[in-house]
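I need the structure of the sequence given here:
(one chain, ligands or ions: 2)
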Amino acid sequence: MTDAFIPKNIIVTGGCGFIGSNFVHYVVNNHPDVHVTVLDALTYAGNLENIKPLLGDQVEFVHGNICDAQLLDELVPGHDAIVHYAAESHNDNSIADPEPFLKTNVEGTFRLIEAARKYDVRFHHVSTDEVYGDLALDDPAKFTEETPYHPSSPYSSTKASSDLLVRAWFRTYGLRMTISNCSNNYGPYQHVEKFIPRQITNIIEGIRPKLYGDGLNVRDWIHTEDHSSAVWTILTQGRLGETYLIGANGERNNLTVLKDILRVMGQPEDAFDWVKDRPGHDRRYAIDATKLRTELGWKPTHTDFESGLRATVQWYVDNPQWWEPVKAATEAKYKAQGQ
Ligand code: NAD
Ligand code: DAU
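Ligands and ions are numbered 1, 2, ... in the order given. Predicted coordinates:
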């Protein structure tokens with residue numbers, strides 16, 4: 001293990017989104033001596049409410065775009081690390097309109113690593129397991145850090161592109177960087193366009209949940225708080241230039257997850273609609289996190305999916321003011337796509 005990096009003043013891009021805001025909560029709860037500057041453009045996926053109670057001496061908010069080089073010239077000096085979450089993150093949106101994904105995920109990452117290089121700031125790049133493509137249902141293999149890149153969707157190909165840029169900046173310019181590729185997150189503050197919150201809020205509103213294709217696609221679920229602790233571990237203890245996969249052995253197919261949600265919410269397990277499949281729909285993701293566990297000693301704490309799911313359902317029940325304003329428009333978009 002290399003010497004620990006002790007950050008004092010970090011920039012968190014995308015800190016008003018689902019996973020970024022959970023990371024800001026994690027830092028406030030666990031590292032009160034670290035100052036956080038959240039940089040977020042507040043797109044449809046960003047919500048300042050996610051971090052509003054934290055704003056003050058420890059957490060500052062800057063409304064801006066990661067593609068804005070001039071803003072980065074003003075903001076980055078004086079910080080000691082950038083933790084980069086900002087992205088266009090939804091596969092279905094990337095299929096309907098890929099252009100914003102190129103802009104934010106590729107150009108935005110390029111602007112950030114240029115600023116990190118210029119001001120010699122450490123960079124942690126938050127990425128996804130989708131860069132590896134998919135696995136067959138009956139394949140005993142899982143993704144490792146050695147798996148070749150093979151992305152399927154416009155979203156995952158832009159994330160793969162951004163990973164490659166970050167790696168090249170390490171090799172060519174010596175950018176002090178680490179990368180993590182995580183599996184599917186669940187937990188509070190996730191936009192209702194995503195699978196689990198969509199179905200929970202559908203049931204609350206009396207709309208039947210919607211399952212794509214044959215429902216047998218497998219995702220490897222991890223609680224977002226475990227993702228945050230893993231990113232913190234990699235930021236502070238990871239070896240420069242290295243990639244670490246993050247996962248918590250949470251493989252489940254979509255049909256099983258949907259039946260879990262229906263049961264937890266007191267509904268019959270067949271009370272949902274089958275809808276048309278996502279084009280290019282990845283079959284299965286599965287993470288082997290051995291490197292992160294053995295080299296850095298990280299382990300997840302939310303190992304009981306059902307209790308994490310119950311808490312997540314309760315969060316959406318308790319916070320309708322958070323999701324109701326965007327629910328109708330999200331469902332209208334899905335309806336237009338036949339989903
Ligand atoms: P999200 O869509 O909920 O949030 C994205 C945030 O980025 C929003 O606050 C948005 O306003 C902000 N943003 C978007 N474009 C911006 C721009 N140009 N400039 C500044 N801010 C901008 O996304 P998420 O699900 O929280 O994902 C966060 C990161 O984690 C992404 O990089 C994603 O690829 C990665 N990731 C997500 C998952 C998952 O399960 N959701 C799993 C692995 C990795
Ligand atoms: O694996 C990590 C990735 O996980 C992240 O990189 C992405 O940012 C994140 O959005 C997520 O991607 P997925 O495409 O796996 O997540 P999504 O919530 O969109 O869908 C999960 C599964 O559920 C997928 O197989 C499609 C299916 N699905 C989705 C929706 C919205 C349905 O069956 N019905 C639905 O209504």
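
in the stretch 201-339 of the chain, what residue comes closest to ligand 2?
Tyr212 (3.5 Å; C-beta to the nearest ligand atom). All C-beta spots, glycine's among them, are computed from the backbone N, C-alpha and C.

thinking that residue is in contact with Gln337, fair?
No: taking contacts as C-beta atoms under 8 Å, Tyr212 lies outside contact range of Gln337: 10.7 Å.

which bits of the protein sit near ligand 1?
13-14, 16-20, 40-43, 45-46, 65-67, 85-89, 104, 108, 126, 128, 159, 182, 184-185, 191 (C-beta under 6 Å from any ligand atom).

filter these down to the ones near ligand 2?
Ser89, Thr128, Asn184.

how far does stretch 35-48 sit from its chain's centre?
Distance of stretch 35-48 from its chain centroid, counting by C-alpha atoms, centre = their mean, to the nearest Å, is 14 Å.

in the stretch 151-300 of the chain, which spans are helices?
For the stretch 151-300 of the chain, helices defined by DSSP state H, counting those that start in this stretch occupy the ranges 154-173, 195-205, 224-237, 254-264, 290-296.

what sits against the nearest residue to Phe110 once chain neighbours are set aside?
Among residues not flanking Phe110 along the chain, Leu165 sits closest, at 5.8 Å (C-beta to C-beta, 6 or more residues apart in numbering). Shown in contact with Leu165 (C-beta atoms under 8 Å, 6 or more residues apart in numbering): Val106, Thr109, Phe110, Ile113.

so where does the last one fall, helix or strand?
Under DSSP states H and E, the secondary-structure element containing Ile113 is helix 109-118.

between helix 154-173 and that helix, find me the angle.
Counting by axes from the mean of the first three to the mean of the last three C-alpha atoms, to 10 degrees, helix 109-118 lies at 20 degrees to helix 154-173.

contacting residues around the residue in the chain positioned nearest to ligand 1?
Per C-beta to the nearest ligand atom, Gly17 is where the chain lies closest to ligand 1, at 2.0 Å. The contact partners of Gly17, by C-beta under 8 Å, 6+ apart, come to Asp40, Ala45, Gly46, Asn47, Asn50, Tyr85, Ala86, Ser89, Tyr189, His191.

what about the last one, how many residues nearby?
Pointing back at His191 there. Counted with other C-beta atoms under 10 Å, the neighbours of His191 add up to 18.

looking at the ones next to ligand 2 among the residues of the chain next to ligand 1, which are in strands?
Those of those mapping onto strands are Thr128, per DSSP state E.

closest to Gln321 out of the ones next to ligand 2 among the residues of the chain next to ligand 1?
Distance to Gln321 across those (C-beta to C-beta) is lowest for Ser89, with 22.8 Å.

sec struct for the closest residue to that closest one other than its chain neighbours, please.
The spatially closest residue to Ser89, leaving aside those adjacent along the chain, is Ala45, at 6.6 Å (C-beta to C-beta, 6+ apart). State at Ala45, reduced to three classes by DSSP: H, G, I helix; E, B strand; the rest coil: coil.

near ligand 2, which residues of the stretch 1-150 of the chain?
By C-beta under 6 Å from any ligand atom, the residues of the stretch 1-150 of the chain that approach ligand 2 are Ser89, His90, Asn91, Thr128, Asp129, Glu130.

tell me the one among the residues you listed nearest to Asp288.
Among those, Asp129 lies closest to Asp288 (C-beta to C-beta), at 10.3 Å.

residues in contact with that closest one?
With contact set as C-beta under 8 Å, 6+ apart, Asp129 has these partners: Phe143, Asn181, Cys182, Ser183, Asp220, Leu245, Gly247, Tyr285, Ile287.

select from the residues you listed the one having the most neighbours.
That'd be Gly247 among the contacts of Asp129, by other C-beta under 10 Å, with 28 neighbours.

name the nearest residue to that residue, sequence neighbours excluded.
Closest to Gly247 by C-beta to C-beta, 6+ apart is Ile287, at 2.6 Å.

list phi and psi for Val38.
Phi and psi for Val38, reported as degrees, to the nearest 10, are phi -90, psi 120.

residues contacting it?
If you count contacts by C-beta under 8 Å, 6+ apart, then Val38 has Ile11, Val12, Gly15, Cys16, Gly20, Val24, Ile51, Val59, Glu60, Phe61, Val62 around it.

so what does the helix or strand hosting the second one touch, helix or strand wise?
Taking DSSP H and E as the definition, one finds Val12 inside strand 9-13. The helices and strands touching strand 9-13, judged by 3 or more C-beta pairs under 8 Å, 6 or more residues apart in numbering; DSSP states H and E, are helix 18-30, strand 35-40, strand 81-84.

repeat that for 6 Å
If contacts are counted by 3 or more C-beta pairs under 6 Å, 6 or more residues apart in numbering; DSSP states H and E, strand 9-13 sits against strand 35-40, strand 81-84.

dump those to TSV, plus mean pLDDT.
As requested, the helices and strands packed on strand 9-13 are exported to TSV (pLDDT from 0 to 100):
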stretch	mean pLDDT
strand 35-40	99
strand 81-84	99
